[in-house]
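1. Pasting the sequence and the predicted model now:
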Amino acid sequence: MPLPAVAYASEPAVDAASGDDAFEPQLGRHGKDVMWLPTPDALVARMLSMAGLGPQDKLVDLGSGDGKIVIAAARDFQAQALGVEFDPKMVEVSRRNAQDAGVSERARFVQGDIFEAEFPQATVVAMYLLPELNLRLRPKLMAMAPGTRIVTHQFDMGRWQPDEASLMANRAGYLWIVPANAGGQWQLNYPLEGETGQARLDIAQIFQKIQGSAELGALKTTLRQPRLSGERIAFAFTDARGELREFNGVIQGERMRGTVTGPQGSASFTAKRIGAAPPIGGSGPPSQQELNAAAAALGGE
Ligand SMILES: C[S@@+](CC[C@H](N)C(=O)[O-])C[C@H]1O[C@@H](n2cnc3c(N)ncnc32)[C@H](O)[C@@H]1O
C-alpha cells in the first residue's frame, strides 16, 4: 500500500506564544526519537475501531503527543487508556486536554521513554513513530499476550505483515494481532463414530502465518487453509476415510481445544503439544538488513 508522504526531518521547533499562559505546542516539535505530529481524527477513529477497542480494554499509546489517541479511546470507546510521552511539556498538554474532554479518570499520561516503559497489562497498543522504531519495538510487542492488538499510523512492522491495512482519507493505518504460539508437534484427538480419531500435527509458524501437516497412520497430508488470529486457530484436512474435517479452536499454552466439523456433524476436539514450543519465527530482534530497509524506505519518501 503506497504511503502518503509526511515530512519527518526533525528540526527543533519554536513554540508559539499563546494568548494565555497555557503552553501550545507547534507541529513538528522536536521529540526524543521522533517529532510530534498528531494523527488526524478520522484515522484515530479508524485505528481504534480496527482494534475492536471496547470498555474492557486497556490501551497504551507509545509516544502520546497531545494525547488525542488516548483521549479518543477513553471518550469514544470507554477504554482505560495510558499515554507514554517523553516530553514533559506534551504530558502537561495531554493532561489538560484530557481534563477538558472530561476523561481524566480513564485517560492517564506518564512521562517516560517508550523503550524503557513496561505495559504488560495493555490489550491494545497504538503507535505513530518511525519504521525503525516500530522494528525495534517488534520483539517486545510479539511477546505480549496472544490476542493483543497493535495499531499504527503510517508505518508498518517490516516482515510482520499486518492483519489489516486501511487507508482513511489517504492516511495509512495498520492492525496486527499478536499470535499465540502454534508451532511444533501436536497430538490431536477427535471423536469419530464411537472411537477416537487421532492425528499428529506438525505446524511451522512465522509471525502469524502457519502451515503444516497431519499424520494419520500411513497417511500424511497438508493442513488445508491453516489460519491463526491471536489464540484462534483453524485448519482442515481430508482424513483417511476421505472425509473433510474442519477444526476451529483456541490455543492456550500447550493445549488446543475447539470444534471439529465433518459429514456427521460437529463435536469437540483437543490437542496437546508434544515437547517444547519452538520460538515463533520472526519473534527475535530485526536483522540489520531489515533495519537498513526501514531506514531506506523512510529516506525514499
Ligand atoms: C508522531 S508523534 C505521535 C503522537 C500521537 N501518538 C498521535 O498519533 O497523535 C510522536 C510522539 O512521540 C514522542 N516521542 C518521541 N520519542 C519518544 C520516546 N523515546 N519515548 C516517549 N515518547 C517519545 C514525541 O515527543 C511525539 O509526541
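-> Nice, thanks for sending it over. Residues are numbered from 1 along each chain as shown.

2. Quick check: residues of the stretch 101-250 of the chain near the ligand?
-> 113-115, 128, 153 (Cβ under 6 Å from any ligand atom). From N, CA and C alone the C-beta is placed, and that goes for glycine too.

3. Buried ones among these?
-> The neighbour-count test (16 or more other Cβ atoms under 10 Å) applied to those identifies 114, 128, 153 as buried.

4. Name the single longest strand found in this structure.
-> Ranked by residue count under DSSP state E, the longest strand found in the chain is strand 195-206.

5. what mean pLDDT does that strand have?
-> What strand 195-206 shows for mean pLDDT is 95.

6. What segments of the stretch 201-301 of the chain are helices?
-> Counting by DSSP state H, counting those that start in this stretch, the segments of the stretch 201-301 of the chain that form helices are 288-299.

7. again but with the stretch 51-200 of the chain, I slipped
-> Applying DSSP H, counting those that start in this stretch to the stretch 51-200 of the chain gives helices spanning 68-77, 88-100, 131-142.

8. What is the shortest one packed up against?
-> Packing partners of helix 68-77 (3 or more Cβ pairs under 8 Å, 6 or more residues apart in numbering; DSSP states H and E): helix 41-50, strand 58-62, strand 80-85, helix 88-100, strand 107-111, strand 124-127.

9. Adding mean neighbour count, distance to residue 245 and mean pLDDT, write those out as a markdown table.
-> Shown next, in a markdown table, are the helices and strands packed on helix 68-77 (neighbours: other Cβ atoms under 10 Å; distance: least, Cβ to Cβ, whole Å; pLDDT from 0 to 100):
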| stretch | mean neighbour count | distance to residue 245 | mean pLDDT |
| --- | --- | --- | --- |
| helix 41-50 | 20 | 32 | 98 |
| strand 58-62 | 26 | 38 | 98 |
| strand 80-85 | 26 | 41 | 98 |
| helix 88-100 | 17 | 52 | 98 |
| strand 107-111 | 19 | 48 | 98 |
| strand 124-127 | 26 | 35 | 98 |
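
10. mind giving me the domain split of this structure?
-> By the assignment in automatic domain parsing, the chain contains the domains 41-178, 184-274.

11. Could you work out the end-to-end span of the first one for me?
-> The one in question is domain 41-178. Domain 41-178 has an end-to-end distance of 25 Å (criterion: Cα to Cα, to the nearest Å).

12. and if you look at the shortest one?
-> Between the opening and closing residues of domain 184-274 we find a distance of 7 Å, counting by Cα to Cα.

13. going forward, begin numbering at 59 instead of 1
-> Got it, first residue is 59 now, which makes that one domain 242-332.

14. Now do the longest strand of the chain: distance to the chain's middle.
-> In terms of Cα atoms, centre = their mean, to the nearest Å, the centre of strand 253-264 is found 27 Å from the chain centre.

15. Give the residue spans of this protein that score low on pLDDT.
-> Counting by pLDDT under 70, the chain shows low-confidence ranges at 59-79, 358-359.

16. now stretch 137-148, how far from the centre of its chain.
-> Averaging C-alpha positions (Cα atoms, centre = their mean) puts stretch 137-148 19 Å from its chain's average.

17. For that stretch, measure first residue to last.
-> From its first residue to its last, stretch 137-148 covers 21 Å (Cα to Cα).
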